[in-house]
Structure formats: structure tokens, C-alpha cells
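> Here you go, sequence then predicted model.
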Amino acid sequence: YGLYGSRGSFPLANGAFDQYTTWGLYAQRDPIGYVPGVLVMYQMNNDTNPDESGLSAGSNAATVELYERIFNQQHDSPAGQGLIGLRKEFTNDGLGTVAQSGNVDLSYHIARYLFFYGEAGFAQNSTPAWRWEIWWATPIQRQP
């Protein structure tokens, strides 16, 4: 669990500055036994000039994700291990747009440096997005 935040300023083309602040909190627990892991986040933001109108906007967002290890074998190599995650998100941009989205993620360690990642993304008022990739991630120096 923890808290985070930021504060910043950005110059705008009209000579004004956009001041923004963010703060949030989160809690996470890894999977234990037959109980999946969970990640919960909530964030609030304030933007003094989001669209150069001079009106400020307060926005917020929340995320809940459940995840679980799958296909894990009992040996020294991480190959053969996987993770599945289910996530639900809520966003409010402070300018009248409120949206919900979610996704299903699957990652799998195929071989020593070979990985698979697949995702199905679902957003309000849109068609599902399907993504996948296989990547080779080799070290650049010998490991001790």
C-alpha cells in the first residue's frame, strides 16, 4: 500500500501556465494459495487550465485488478510460468467525460528468453481491441 503524488506546471501557447496536481493511493497483495492477487488504485487530479479556457477541472480515476499465476511448474526455470489478469477501470476527466473500460491480460514465459503477451481490451462505446506479441529478451552481458 502507499500514497503518491506530483505537482507541475506547463507553459501554454497563449503565454499562460497550466498548473496541475495529482495524488493517489494504492494497495496490492500478491496471489497466495488459491486466492488471487489484487491491485486497487484511486487517483485525484486538479488541472488549472486543461483547455486554455482558464477554467480548472478536477478529475479522478479508479482501477481494480485481480491476477493469478497459471501453468506454474515446480522447477528452477521460470519457463512454463504464466499470469492472467482481469482489470476494471473508471475515469472521469473533469470536463464531462466519464468512461469505463477493462481488459483481460495473459502472459506466458515460453522459454528462457522467449515470452508471450496477449490482451483483450474493452472500452465503453467501442469495439474490443485484441493485441498480442511474442518477444525475445536476451541479456546484454553474462550473468554471474
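The structure has been received and is ready for your questions.
> Which residues does stretch 107-115 contact?
With contact meaning Cβ atoms under 8 Å, 6 or more residues apart in numbering, stretch 107-115 is reached by 71, 77-83, 116-118, 134-139. Bear in mind the C-beta positions are built from the backbone N, C-alpha and C, glycine included.
> actually stretch 20-30, sorry about that
Outside stretch 20-30, the residues that reach it (Cβ under 8 Å, 6+ apart) are 1-10, 37-48.
> Report how many residues lie close to the nearest residue to Thr91 once chain neighbours are set aside.
Spatial nearest neighbour of Thr91, chain neighbours left out: Ala61 (4.6 Å); criterion: Cβ to Cβ, 6 or more residues apart in numbering. Ala61: 17 surrounding residues under other Cβ atoms under 10 Å.
> And the contacts of the helix or strand encompassing Ala61?
Ala61 belongs to strand 57-70 when assigned by DSSP states H and E. By Cβ under 8 Å, 6+ apart, the surrounding residues in contact with strand 57-70 are 31, 36-47, 50, 81-95, 105.
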